[in-house]
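Student: quick one, what's the 3D model for this:
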Amino acid sequence: MKGFNRQNQLFSLCGLNCGLCPMFLNKNCPGCGGGEGNQSCKIARCSMEHDSAQYCFQCSEYPCEKYDHIDDFDSFITHRNRKFDMEKAKQLGIDAYNAEQGEKVKILESFLSNYNDGRKKTFFCIAVNLLELQELQKVCKKIDCKPDMETLTSKEKSAFVTGLLLELAAKKNIDLRLHRKKE
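Tutor: Residues are numbered from 1 along each chain as shown. Sure, this is the predicted structure:
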């Protein structure tokens, strides 16, 4: 959007964890305020009209009507935790939130480079986005402790890690699928 720029490309104005999005990772999306190719966004326009708040939670009108159904449906990335993540960023402070997101990005990169059988990119992005960092770190420890991991095929490695994430998500009652808007 012309005139709208952001420094933080990991966490958007409206609460999306862009650093965990498959489109962003593929360099098919410049992120909100990231430059050429950005689509018009009513929330970015609103920010420009409200003292250029870097995050909606900084606006005196937050949460406004734009947030009434913001988490109902997903796009390329899950939208389900936007309100929760905005509150978390507000409570922790943006630097601490970004540090946590940076750790999640490292875990996602590890999953994608070591355990993706070519069909799990979106799944891993959703899992890392919706599960807490400490939970993901425990999954990583379980992976590291598996003695025969090096002898497994790519498909077997992927299935093992996917199984760990699904098991954890089930315990937390978290669905690791995108919820697309029904047309």
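Student: show me which positions of stretch 67-77 end up buried.
Tutor: In terms of neighbour count (16 or more other CB atoms under 10 Å), stretch 67-77 has its buried residues at 67, 70-71, 76-77. Just so you know, the C-beta spots here come from the backbone N, C-alpha and C atoms, and that holds for glycine as well.
Student: which one among those residues gets closest to Met23?
Tutor: Closest approach between those and Met23, by CB to CB: Phe76, at 4.4 Å.
Student: these two touch, right, the closest one and Cys21?
Tutor: Yes - with contact defined as CB atoms under 8 Å, Phe76 and Cys21 form a contacting pair (5.7 Å).
Student: next, show the common contact partners of the two.
Tutor: Counting by CB atoms under 8 Å, 6 or more residues apart in numbering, the common neighbours of Phe76 and Cys21 are Cys29.
Student: export the buried residues of stretch 67-77 as TSV, with columns for pLDDT.
Tutor: Formatted as TSV, those follow (pLDDT from 0 to 100):
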residue	pLDDT
Tyr67	82
Ile70	81
Asp71	79
Phe76	81
Ile77	85
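Student: let me know the closest of those residues to Glu100.
Tutor: Ile77 (16.8 Å).
Student: widest-spaced pair of the buried residues of stretch 67-77?
Tutor: Checking the buried residues of stretch 67-77 with CB to CB, the most distant pair is Tyr67 and Phe76, at 20.0 Å.
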